[in-house]
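Enquirer: 3D model of this:
(one chain, ligands or ions: 2)
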Amino acid sequence: MDRFIIHGGRPLHGEIVIGGAKNAGLKLLVAGLLTPERLILSNVPRIADIATMRALLVQHGLSVEDVKGDGSTLSIGGDITNTEAPYDIVSKMRASILVLGPLLARCHRARVSLPGGCAIGTRPVDLHLKGLETLGAEITLENGYINAVAPHGLKGERIILPFASVGATENLMMAATLAKGRTEIINAAREPEMVDLANCLNAMGARIHGAGSGTITIEGVEALHGAEHRIMPDRIECGTYACAAAITGGDLRLVGGHVDHLGAVVRALEETGVEVSQEGDTMRVRRTGALRGIDIMTEPYPGFPTDMQAQFMALLSVAEGASMITETIFENRFMHVPELNRMGARINVHGSSAIIRGVHGLSGAPVMATDLRASFSLILAGLAAHGETILSRVYHLDRGYEAVERKLAACGAQIERVRD
Ligand SMILES: CC(=O)N[C@H]1[C@@H](OP(=O)(O)OP(=O)(O)OC[C@H]2O[C@@H](n3ccc(=O)[nH]c3=O)[C@H](O)[C@@H]2O)O[C@H](CO)[C@@H](O)[C@@H]1O
Ligand SMILES: C=C(OP(=O)(O)O)C(=O)O
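Expert: Numbers count the residues shown, from 1 in each chain. Ligands and ions are numbered 1, 2, ... in the order given. Have a look, this model is predicted:
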């Protein structure tokens with residue numbers, strides 16, 4: 001298992017190129033199941049989750065070709081020969097549940113392992129299943145698997161989501177592209193990744209309107225065809241490196257980053273005293289003064305993203321005064337707190353809120369990554385701390401961040417990956 005060794009205390013300066021979005025790319029790969037023709041995706045992030053999704057598509061019978069030999073452009077196509085998503089892949093990566101809708105739409109059947117909980121929460125998939133049932137699927141749960149059939153295909157309907165679930169919206173949107181008639185998703189998730197997915201599906205011949213708003217309408221079509229699509233930049237990776245500039249008192253240009261996708265994050269950074277500006281296709285983030293404590297509540301888009309909560313916790317741990325972070329999306333997303341406290345932070349958790357009393361400095365320590373974003377909050381703390389931080393269980397980080405040590409080191413960080 002790899003570890004990172006970080007020597008903190010250096011402001012970061014320079015340029016970081018933001019990669020393709022994990023949370024868009026994963027679903028765009030799944031969209032390849034909706035047509036036998038080739039879907040060519042560029043700006044694919046080279047991260048472990050994408051490798052897992054490739055393996056799942058191959059197991060369904062598709063071929064996934066690495067067009068340039070560097071993993072950045074994938075060509076997906078071929079016939080589906082197997083409609084089962086097995087436990088060993090789904091348990092590794094929850095986004096695997098997204099194959100359910102496309103398999104049902106194309107093959108009228110699917111057997112997908114139930115994903116179960118994960119470190120940050122129980123994460124049920126009831127909204128995915130109820131929505132697909134509304135579209136005509138018959139679903140039973142047996143031996144830890146979802147067995148779904150739609151003998152006569154799916155039929156467009158009005159679906160009202162009780163919560164604007166990202167995954168349920170995407171699963172239903174993909175399924176509805178090949179359903180008979182018109183589907184309306186009410187209280188749909190509004191994340192920019194919805195728009196990226198809808199744009200790609202429309203380029204494949206789908207008829208989707210309203211993605212990015214709370215109501216998405218899909219007119220079903222007979223078949224989808226091949227297309228080419230460039231995956232949007234990763235707004236969470238961008239927000240994460242923005243926190244690296246902020247916590248170290250540095251100045252970073254984040255190429256491909258856009259303030260439009262990060263409204264709530266940019267507002268929060270500015271409230272803490274960080275300067276953020278858009279310069280062409282680059283977001284610039286710098287801090288010259290002290291950090292001020294603020295209150296944050298995570299919410300569905302366009303609210304403050306839960307995927308930026310851990311990184312802000314690290315930032316606010318060295319801000320002047322007290323801050324409060326309330327996590328409303330996942331019930332167990334504070335696992336970085338004890339690790340940050342081991343580095344000298346003063347954070348108390350009360351239910352779904354954490355009170356952070358800013359300290360003057362953090363000190364390096366051996367710490368353990370517990371999930372993807374928590375891993376990066378510990379890197380941020382390590383970059384700001386005096387002395388050496390050793391971060392273990394880096395595999396959590398490798399799920400969703402590409403070339404972290406190279407990107408940070410190029411901007412002056414002292415960070416090294418040690419392979420055991
Ligand atoms: C691969 C991917 O894109 N992951 C993102 C996606 O996850 P994901 O798609 O799993 O997130 P959802 O929006 O579906 O989940 C949000 C909340 O709704 C609950 N829920 C969801 C579905 C359901 O059927 N029943 C139910 O109760 C979940 O347990 C959670 O508490 O959106 C999250 C919220 O922005 C992000 O943190 C994740 O990074
Ligand atoms: C929670 C995340 O991802 P996933 O839904 O894949 O677990 C994340 O990207 O922070």
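Enquirer: Would you agree residue 270 falls within a helix?
Expert: Yes: when DSSP: H, G, I helix; E, B strand; the rest coil is applied, residue 270 is found to be in a helix.
Enquirer: Kindly tell me how buried it is, as a neighbour count.
Expert: Residues near residue 270, counting by other CB atoms under 10 Å, number 12. (Glycine included, C-beta is placed from N, CA and C.)
Enquirer: wait, it sits on residue 277?
Expert: No: the criterion here is CB atoms under 8 Å, and residue 270 misses it with residue 277 at 10.3 Å.
Enquirer: Show me what residue 277 bridges to in the sheet.
Expert: Per DSSP bridges, residues listed as beta-bridge partners of residue 277: residue 284.
Enquirer: tell me the contacts of it?
Expert: Counting by CB atoms under 8 Å, 6 or more residues apart in numbering, residue 277 makes contact with 259, 283, 284.
Enquirer: so who does the second one touch?
Expert: By that I understand residue 283. Neighbour list for residue 283: 238, 242, 253, 254, 257, 258, 259, 262, 276, 277 [criterion: CB under 8 Å, 6+ apart].
Enquirer: Kindly report the same for residue 28.
Expert: Applying CB under 8 Å, 6+ apart to residue 28 gives the contacts 39, 41, 196, 197, 200, 229, 231.
Enquirer: can you give me the strands in the stretch 101-250 of the chain?
Expert: Here the stretch 101-250 of the chain has its strands, by DSSP state E, counting those that start in this stretch, at 109-113, 138-142, 145-149, 158-160, 182-186, 207-209, 215-219, 227-230.
Enquirer: what does the chain have sitting close to ligand 2?
Expert: Contact residues (CB under 6 Å from any ligand atom) of the chain with ligand 2: 23, 94, 95, 307, 372, 373, 400.
Enquirer: Quick one: those residues as JSON lines, columns for secondary structure, neighbour count and pLDDT too.
Expert: Formatted as JSON lines, the residues of the chain next to ligand 2 follow (DSSP: H, G, I helix; E, B strand; the rest coil; neighbours: other CB atoms under 10 Å; pLDDT from 0 to 100):
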{"residue": "23", "secondary structure": "helix", "neighbour count": "23", "pLDDT": "98"}
{"residue": "94", "secondary structure": "helix", "neighbour count": "18", "pLDDT": "94"}
{"residue": "95", "secondary structure": "helix", "neighbour count": "22", "pLDDT": "96"}
{"residue": "307", "secondary structure": "helix", "neighbour count": "24", "pLDDT": "98"}
{"residue": "372", "secondary structure": "helix", "neighbour count": "23", "pLDDT": "96"}
{"residue": "373", "secondary structure": "helix", "neighbour count": "26", "pLDDT": "97"}
{"residue": "400", "secondary structure": "coil", "neighbour count": "27", "pLDDT": "97"}
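Enquirer: where's residue 58 relative to residue 52, distance?
Expert: 11 Å (CB to CB, to the nearest Å).
Enquirer: quick one: which of these two has more around it?
Expert: The neighbour comparison of residue 58 against residue 52 (other CB under 10 Å) goes to residue 52, with 17 against 14.
Enquirer: Mind listing what's buried along the strand or helix carrying that one?
Expert: Assigned by DSSP states H and E, residue 52 belongs to helix 48-59. Neighbour counts over helix 48-59 (16 or more other CB atoms under 10 Å) mark 48, 49, 50, 52, 53, 54, 56, 57, 59 as buried.
Enquirer: and the helix or strand that it is followed by, average pLDDT?
Expert: On the C-terminal side of helix 48-59, the nearest following helix or strand under DSSP H and E is strand 63-66. Averaging pLDDT along strand 63-66 gives 98.
Enquirer: what residues does strand 63-66 touch?
Expert: Applying CB under 8 Å, 6+ apart, the contact partners of strand 63-66 are 29, 32, 54, 57, 58, 73, 74, 75, 76, 77, 78.
Enquirer: Residue of the stretch 301-420 of the chain nearest ligand 2, please.
Expert: Taking CB to the nearest ligand atom, ligand 2 has its nearest neighbour within the stretch 301-420 of the chain at residue 307, 4.0 Å off.
Enquirer: Quick one, grab the pLDDT at the nearest residue to that residue once chain neighbours are set aside.
Expert: Leaving aside its sequence neighbours, residue 307 sits nearest to residue 236 (CB to CB, 6 or more residues apart in numbering; 4.6 Å). On the pLDDT scale, residue 236 is placed at 98.
Enquirer: Understood, closing this out.
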